[in-house]
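> The sequence and its predicted three-dimensional model are supplied below.
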Amino acid sequence: MARRLPPLNALRAFEAAARLGSFSAAAHELRVTDSAVSQQVRALERYLGTRLFKRLPRGLLLTELGATYLPVLTAGFDQLSEATLRLRSGGVSGVLTVAALPAFVTGWLLPRLGRFRDRYPRIDLLLKTSRELADFRREDVDLAIRFSSGTSGGNRSVFLLGETAFPVASPTLLPTHPPLRVPDLRSLPLLHDVDAHPQQPWMSWPAWFERAGVESPAALPGLKFTDSIVLLGAAVAGLGVALGRTPHIEGLLARGQLVPVTGESWPATWSYRLVAPPANFSRPNVRVFVDWILEEARGNLLHTRALPVE
């Protein structure tokens, strides 16, 4: 007997909206408009002859039948996705060399690499961590993750993630519950990244005080570091206030080892980008890594905790 199934797009729209709790979030995940999700859900309800959602002024509420339908669909889509990924990764193997900044690898990439390994077990990933730019003509590097203003010197450059900076500290250091005012930072020990690029003022304490219209000494005291990983370690140890950078510190924030100190943040004009010669992007192992890390970055935008805004 032939299977009688609703249209796949209608099922996907309902499952995403029910799982995420809104048509807008489902539209973002599926890369369609809100109205397209709404129309697909209504088409599914007509096909089934029953309502799946109660549409309320402040959001969606699953009906009893909708709540029964959701876990079955989610499990089915998960199984289909995993089977597809196993099929796609079956022929992808070999060594993949990725060059990246140590702080980015430690703070953002490492917590996610287990998912890449599970998806592509036949790829041997080699991470080359350095603050120097990878030279594709002289080094055996397939792909680089760079923090830059966007120029790539003839290479192809794909946007991965943005960055936002804001003051962070160990909760043990703060005299009162945050947020504090920017002038209050002058009474706390400050941690300095002395190797911050001149074109990155968001990583400079003098620039922060100047931007806030707060007078500060020409030479601000405090411990100085040439390694941002060590600087964050000092902040976790309660030695001072650091200018924390997303995405580097999301794990430290989630675990409560660091907390935002003020309500101000400074979006960087630079961003994290995937960079390589154009031909490299057509290599199977590079292509699947790029698809995977872009998927992780989209998840990062949807699920990271709220950050302070100006």
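Received it, and whenever you're ready, just let me know what you need. Nothing here was measured: the structure is a model prediction, and the numbers come from that model.
> gap between residue 135 and residue 143?
13 Å (CB to CB, to the nearest Å). Using the backbone N, CA and C atoms, a C-beta is placed for each residue, glycine as well.
> higher neighbour count, these two?
More crowded of residue 135 and residue 143, by other CB atoms under 10 Å: residue 143, with 24 against 10.
> which residues touch that one?
Listed by CB atoms under 8 Å, 6 or more residues apart in numbering, the contact set of residue 143 reads 96, 97, 98, 99, 274, 275, 276, 280, 286, 289, 290.
> does the second one have beta-bridge partners, and which?
When bridges are assigned using DSSP bridges, the partners listed for residue 97 are residue 126.
> helices and strands around the strand or helix carrying residue 291, which ones?
Here residue 291 sits within helix 284-303, counting by DSSP states H and E. Using 3 or more CB pairs under 8 Å, 6 or more residues apart in numbering; DSSP states H and E as the contact criterion, the elements in contact with helix 284-303 are helix 23-30, strand 94-100, helix 110-119, strand 123-129, strand 143-148, strand 156-169, strand 266-276.
> Of the ones you listed, flag the one that's most buried.
The highest average neighbour count among the helices and strands packed on helix 284-303, using mean count of other CB atoms under 10 Å, belongs to strand 143-148 at a mean of 22.
> any chance of the contacts of residue 143 in JSON lines, plus distance to residue 123 and pLDDT?
As requested, those are exported to JSON lines (distance: CB to CB, whole Å; pLDDT from 0 to 100):
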{"residue": "96", "distance to residue 123": "5", "pLDDT": "94"}
{"residue": "97", "distance to residue 123": "11", "pLDDT": "94"}
{"residue": "98", "distance to residue 123": "11", "pLDDT": "96"}
{"residue": "99", "distance to residue 123": "16", "pLDDT": "95"}
{"residue": "274", "distance to residue 123": "16", "pLDDT": "95"}
{"residue": "275", "distance to residue 123": "19", "pLDDT": "94"}
{"residue": "276", "distance to residue 123": "16", "pLDDT": "93"}
{"residue": "280", "distance to residue 123": "15", "pLDDT": "93"}
{"residue": "286", "distance to residue 123": "10", "pLDDT": "94"}
{"residue": "289", "distance to residue 123": "8", "pLDDT": "95"}
{"residue": "290", "distance to residue 123": "12", "pLDDT": "96"}
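> Buried residues in the longest helix seen in the chain, which are they?
Across the chain, the longest stretch assigned as helix under DSSP state H is helix 64-89. Of the residues in helix 64-89, those buried under the neighbour-count criterion (16 or more other CB atoms under 10 Å) are 66, 69, 70, 73, 77, 89.
> got a list of what the nearest residue to residue 124 once chain neighbours are set aside touches?
Taking CB to CB, 6 or more residues apart in numbering, and ignoring the residues beside it in sequence, residue 124 has residue 95 as its nearest neighbour in space, at 4.8 Å. With contacts taken as CB under 8 Å, 6+ apart, residue 95 has the following neighbours: 123, 124, 125, 126, 285.
> mind checking pLDDT for the last one?
Looking back up the chat, that one is residue 285. According to the per-residue confidence, residue 285 scores 92 in pLDDT.
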